[in-house]
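Q: sequence and predicted structure, then a few things I'm wondering about:
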Amino acid sequence: MMEMAAEDFEQLVTDELDRLPDDMVDGLENVVFVVEDEPEDGSDLFGIYDGVAQTERGQYGFGELPDRIVVYRKQHLAECDTLEELADEVHTTLVHEIGHFYGIDDERLHELGWA
């Protein structure tokens, strides 16, 4: 298992967000990115999208709490052996969860290679 301070992992997530294509992140509205150590339910998820997908929003808008994309630090560190692997896995997790924001389900994300 890799070791990395929470602050360093948060910076890695920020760096990977900055590397995503503009057309992927420009449409993100009312979304916050959060790093947590691990899921409260004890699952082995790398991340989760907590919100209402763009395809299901209807009257969604003003006054709504922001959607959240959560990246779990300990799951990533347990899975990766190198900083390069860690960056790749964080990148994949971000794309996967952003895909859920846009209404792409797990099956389609698997087909696209992002799950």
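A: Yes, it's here. Note that the coordinates shown come from a computational prediction; the quantities given were computed from them, not determined experimentally.
Q: correct me, but Val32 touches Leu65?
A: No - judged on Cβ atoms under 8 Å, Val32 makes no contact with Leu65 at a distance of 9.4 Å. The way it works is simple: take the backbone N, C-alpha and C, and place the C-beta from them, glycine included.
Q: who has more neighbours, those two?
A: Comparing Val32 with Leu65 by other Cβ atoms under 10 Å, the one with more neighbours is Val32, at 13 against 9.
Q: so the more buried one, which of the three states?
A: Here Val32 is recorded as strand under DSSP: H, G, I helix; E, B strand; the rest coil.
Q: what does the pLDDT read for it?
A: For Val32, the pLDDT comes out at 96.
Q: report the beta-bridge partners for it.
A: Arg68 (DSSP bridges).
Q: report the separation between it and Glu97.
A: 12 Å (Cβ to Cβ, to the nearest Å).
Q: shared neighbours, the two?
A: Here Val32 and Glu97 have Ile69 as joint contacts, going by Cβ atoms under 8 Å, 6 or more residues apart in numbering.
Q: how many neighbours does the closest residue to Met2 other than its chain neighbours have?
A: Nearest in space to Met2, with sequence neighbours left out and distances taken as Cβ to Cβ, 6 or more residues apart in numbering, is Leu77 at 4.4 Å. Leu77 is flanked by 17 other residues according to other Cβ under 10 Å.
Q: now for Gly42, how many residues are close by?
A: 7.
Q: now do it against Gln75, distance only.
A: When Gly42 is compared with Gln75 (using Cβ to Cβ), they lie 11 Å apart.
Q: show me what contacts Met4?
A: Leu12, Arg73, Leu77, Leu86.
Q: and the gap between it and Arg68?
A: Counting by Cβ to Cβ, the gap from Met4 to Arg68 is 22 Å.
Q: quick one, phi psi at the residue sitting nearest the centre point of the chain?
A: In the chain, the residue lying closest to the centroid (Cα atoms, centre = their mean) is Leu94, at 3.4 Å. Note on Leu94: its backbone torsions stand at phi -60, psi -50 [degrees, to the nearest 10].
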